[in-house]
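> my questions concern the predicted model and sequence given below.
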Amino acid sequence: MLTDNDVCCQAPSQVAVLCLVCRDISSGLHYGIHTCESCKAFFKRSVRRENQGQAPSACRSSGDCPVTWQRKTGCQACRFAKCLAAGMRREAVRPDQTRGGRRSAPTSSSYDERMKQFDGLDFFNRGRENVDTV
DNA sequence: TTTCAAGGTGACC
DNA sequence: GGTCACCTTGAAA
Ligand SMILES: [Zn+2]
Ligand SMILES: [Zn+2]
């Protein structure tokens, strides 16, 4: 029986938002941008690896592989680069294991704004030199 | 209470 | 070993 409030008005319009990294279906905002679970997990592992002091797999090319992201498992370096380029923030990755922790409003859209602030791909210019010794 | 997203965890490749 | 997908956690609205 579904006379009234059972399954009726629960978000019928699910607009499929695409992941800004791999163009997959986003499950929502993650690390500042719309990302799929794959990118979320990948970014988490990547950032965590950096925190451990281990450099990520360097790309054999100049970090300019023809990665189309239809096939994500190409170059992790390039994938990670695209993640950062898309606007994913390492700061959003908690150094602790504190779950939840909604830090201020996720700003919904920050992509273009972020790009302007960070001047596009300058993360490469800075990051390359100093992988960081945190 | 409900929502939203970050984290863990685990199954699949 | 890495990737993908789901569940839990945990604070903010
Ligand atoms: Zn993605
Ligand atoms: Zn590459």
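Structure's in. What do you need? Ligands and ions are numbered 1, 2, ... in the order given.

> alpha carbons only for contacts and neighbour counts from here, please
OK.

> tell me the secondary structure at whichever residue of chain A sits closest to DNA strand C.
At 3.5 Å from DNA strand C, A:Gly100 is the closest residue in chain A, using CA to the nearest atom of the strand. Three-state call for A:Gly100 (DSSP: H, G, I helix; E, B strand; the rest coil): coil.

> distance check, it against A:Val21.
23 Å (CA to CA, to the nearest Å).

> can you check A:Met88 too?
Using CA to CA, one gets 9 Å for the distance from A:Met88 to A:Val21.

> tell me which of these two has more neighbours.
Under the criterion of other CA atoms under 10 Å, the comparison of A:Met88 against A:Val21 puts A:Met88 first, with 28 against 24.

> the more buried one touches A:Ile33, doesn't it?
Yes: judged on CA atoms under 8 Å, A:Met88 makes contact with A:Ile33 at a distance of 6.1 Å.

> joint contacts of these two?
Between them, A:Met88 and A:Ile33 share no contacting residue under CA atoms under 8 Å, 6 or more residues apart in numbering.

> how about the residues of chain A that lie near ligand 1?
The interface of chain A toward ligand 1, taken as CA under 5 Å from the ion, is made up of A:Cys19, A:Val21, A:Cys22, A:Thr35, A:Cys36, A:Cys39.
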